[in-house]
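Participant: Kindly return the folded structure for what I paste below:
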Amino acid sequence: MLRERRHKRIRAKVIGTAARPRLSVYKSNRYLHAQIIDDATGKTLVSGSTKAPAKEKSKQAKKMDAAKALGLELAKRAKAAGISAVVFDRGGFRYVGRVATLADAAREGGLKF
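Facilitator: You can find the predicted model right below:
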């Protein structure tokens with residue numbers, strides 16, 4: 001409930017456009033989900049998750065490693081879709097741990113925010 005309130009405050013300020021779509025992050029206890037959204041049209045342009053088939057799971061046993069891999073993969077998919085700059089929506093989660101690792105990896109992959 002508190003996270004939802006924080007997320008509403010953030011969303012009041014962070015808006016994705018066609019020029020700079022919104023990179024939205026959701027974190028559960030087990031997985032991390034991220035998507036790049038154009039709020040003007042209401043469409044998801046690129047998405048990704050740390051949910052992976054069982055054989056890939058052994059390679060990415062640690063959550064932080066999976067978050068970094070997701071950030072790099074998201075940046076790669078965004079570049080392929082012609083997206084170079086985004087606005088970051090942390091979804092009401094604190095900017096530490098997996099959320100920060102995902103953001104740093106996306107920057108490392110070439111996204112600007």
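
Participant: for the closest residue to Lys43 other than its chain neighbours, helix, strand, or coil?
Facilitator: Nearest residue to Lys43, sequence neighbours excluded (Cβ to Cβ, 6 or more residues apart in numbering): Ile37, at 7.1 Å. Every residue, glycine included, has its C-beta placed from N, CA and C. Secondary structure, DSSP: H, G, I helix; E, B strand; the rest coil: Ile37 is strand.

Participant: give me every residue that touches Ile37.
Facilitator: Gly16, Pro21, Arg22, Ser24, Lys43, Thr44, Leu45 (Cβ atoms under 8 Å, 6 or more residues apart in numbering).

Participant: In this structure, what helix or strand scores lowest on average pLDDT?
Facilitator: Using mean pLDDT, DSSP states H and E, helix 54-57 stands out as the lowest-scoring helix or strand of the chain, at a mean of 52.

Participant: What's the first helix or strand after that one?
Facilitator: helix 63-80 (DSSP states H and E).

Participant: what does that following helix rub up against?
Facilitator: In contact with helix 63-80 (Cβ under 8 Å, 6+ apart) are residues 23, 32, 34, 36, 45-46, 48-50, 52, 60, 84, 86, 97-99, 101-111.

Participant: neighbour-wise, which of the contacts of Ile37 leads?
Facilitator: Highest neighbour count within these: Pro21, with 26 neighbours (other Cβ atoms under 10 Å).
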